[in-house]
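Student: Got a predicted model here, sequence first, then my questions.
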Amino acid sequence: MLKYLLKRIGQTILIVILVSVLTFFLVDLIPGDVVLNVAGKDDIDEAEYWKIYYELNLDKSTPERFVLWLKGVLKLDFGTSYIYHKPVWDLIKTNIPPTLYLSLLATLISVPIGVFFGIISAVNRKKKSDTIITLTANICNCLPQFWIGLLLTFLLAVKLKWLPTMGFGWPSKVGLAKHIKYIIMPLICLSLGGIAGFTRQTRSSMLEVIRQDYIRTARSKGLSKRRVNFKHMMKNGLIPILTILGGRISRMIGGSMIIENLFAIPGMGVLTRNSIMAKDLPTIQAIVMITTAFSCIAFLLTDIAYMIVDPRISLAESEE
């Protein structure tokens, strides 16, 4: 198990290093004059132009600038944003909390509801409840988030005037009641697809387990349906769910660019869009690097969870 973990940690470090190299060099190839982006205007005098030019180390070669950038990254210094004129790390620290908060809430809603409906659908295969749940999950899985957001805004905010059309505020600042009103529509948009995905995956996994010999043996021994379903089927049937969960967690820090922009939530999605539109290179590089590192850690934790749930996985990897 230790050998497998060390191998996975080594792979994670290698991926982060490769992404950092590719990110820097690809972003460096984006057309446009970086100096003018930093200045925020096209008509600057020559003295100001060359001052900014040397401050950005543009007189040095690309490999030299990469080394300088990497040294800063190791100290959590990603440079200064071109459009916000603030340290990039400060911007990220400000924008990460709303994104993580909404993503975590959406995951906590999606997982139990999706798993519950998936189990109900699987144990009632080919019955009316299975048909309804499967059809609903397939429809919800196909609905675009922006369409759901626009529909909810039109019905709940514009027509019924129950909820604000946009905005975000923490309970400590705007009060719990107003905070809930702010997050209801974004949470629905972020959760529906997750519920549908977990429902479909749980149903498929549980149906695979139902066909196994040990399930038939358990039933032939006279064990109750509840005990067979929850003790024997769930333990093995829910292992593939970890894959979806790991992927969902890995996307948390990136945020939902569509939903955050639609509801004017000051999160990572909005920061990413603004940075791309303004060619804010330091911020783009930082977002890609942090998102990659977070994703690698999420999948590493998923692998560890696999080994905890099913020790045979670590044994198989060790034998290879």
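Tutor: Thanks, I have it. The shown structure was predicted, so the numbers you read here are calculated from the model rather than taken from an experiment. Numbers count the residues shown, from 1 in each chain.
Student: for the stretch 51-200 of the chain, which spans come out with low pLDDT?
Tutor: Along the stretch 51-200 of the chain, no part satisfies pLDDT under 70.
Student: can you map out the helices along it?
Tutor: Read by DSSP state H, counting those that start in this stretch, the stretch 51-200 of the chain holds these helices, from start to end of the chain: 62-74, 88-123, 128-142, 145-152, 171-174, 176-210.
Student: Quick one: distance of the fifth one to the chain centre.
Tutor: What it means is helix 171-174. On the basis of Cα atoms, centre = their mean, to the nearest Å, helix 171-174 is displaced by 25 Å from the centre of the chain it belongs to.
Student: Identify all contacting residues around that helix.
Tutor: Identification of contacts with helix 171-174 by Cβ atoms under 8 Å, 6 or more residues apart in numbering yields 179, 182. The C-beta positions use only the backbone N, C-alpha and C, and glycine is treated the same way.
Student: Equivalent analysis for the third one, please.
Tutor: The contact list for helix 128-142, computed with Cβ under 8 Å, 6+ apart, reads 117, 120-122, 124, 192-193, 195-197, 199-200, 203.
Student: Swap in 7 Å and give it another go.
Tutor: When contacts are defined by Cβ atoms under 7 Å, 6 or more residues apart in numbering, helix 128-142 is touched by residues 117, 120-121, 124, 192-193, 195-197, 199-200, 203.
Student: okay, the angle between that helix and helix 176-210?
Tutor: Computed with axes from the mean of the first three to the mean of the last three Cα atoms, to 10 degrees, the direction of helix 128-142 lies at 120 degrees from that of helix 176-210.
Student: now the angle from helix 128-142 to helix 145-152?
Tutor: Using the same axes, to 10 degrees: helix 128-142 against helix 145-152 is 100 degrees.
Student: Run the angle between helix 128-142 and helix 88-123 for me.
Tutor: With the same axes, to 10 degrees applied, the angle from helix 128-142 to helix 88-123 works out at 160 degrees.
Student: Using PDB, write down the CA coordinates of helix 128-142.
Tutor: This file holds the C-alpha atoms of helix 128-142, laid out as PDB (Å, rounded to 0.1, in the frame of the first residue of the first chain):
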ATOM      1  CA  LYS A 128     -42.900   2.100 -12.500                       C
ATOM      2  CA  SER A 129     -40.700   3.800 -10.000                       C
ATOM      3  CA  ASP A 130     -37.600   2.800 -11.900                       C
ATOM      4  CA  THR A 131     -39.000   4.200 -15.100                       C
ATOM      5  CA  ILE A 132     -39.900   7.500 -13.600                       C
ATOM      6  CA  ILE A 133     -36.500   7.900 -11.800                       C
ATOM      7  CA  THR A 134     -34.500   6.900 -14.800                       C
ATOM      8  CA  LEU A 135     -36.400   9.100 -17.200                       C
ATOM      9  CA  THR A 136     -36.200  12.100 -14.900                       C
ATOM     10  CA  ALA A 137     -32.400  11.500 -14.300                       C
ATOM     11  CA  ASN A 138     -31.800  11.300 -18.100                       C
ATOM     12  CA  ILE A 139     -33.700  14.500 -18.700                       C
ATOM     13  CA  CYS A 140     -32.000  16.400 -15.900                       C
ATOM     14  CA  ASN A 141     -28.600  15.200 -17.100                       C
ATOM     15  CA  CYS A 142     -29.200  16.700 -20.500                       C
END
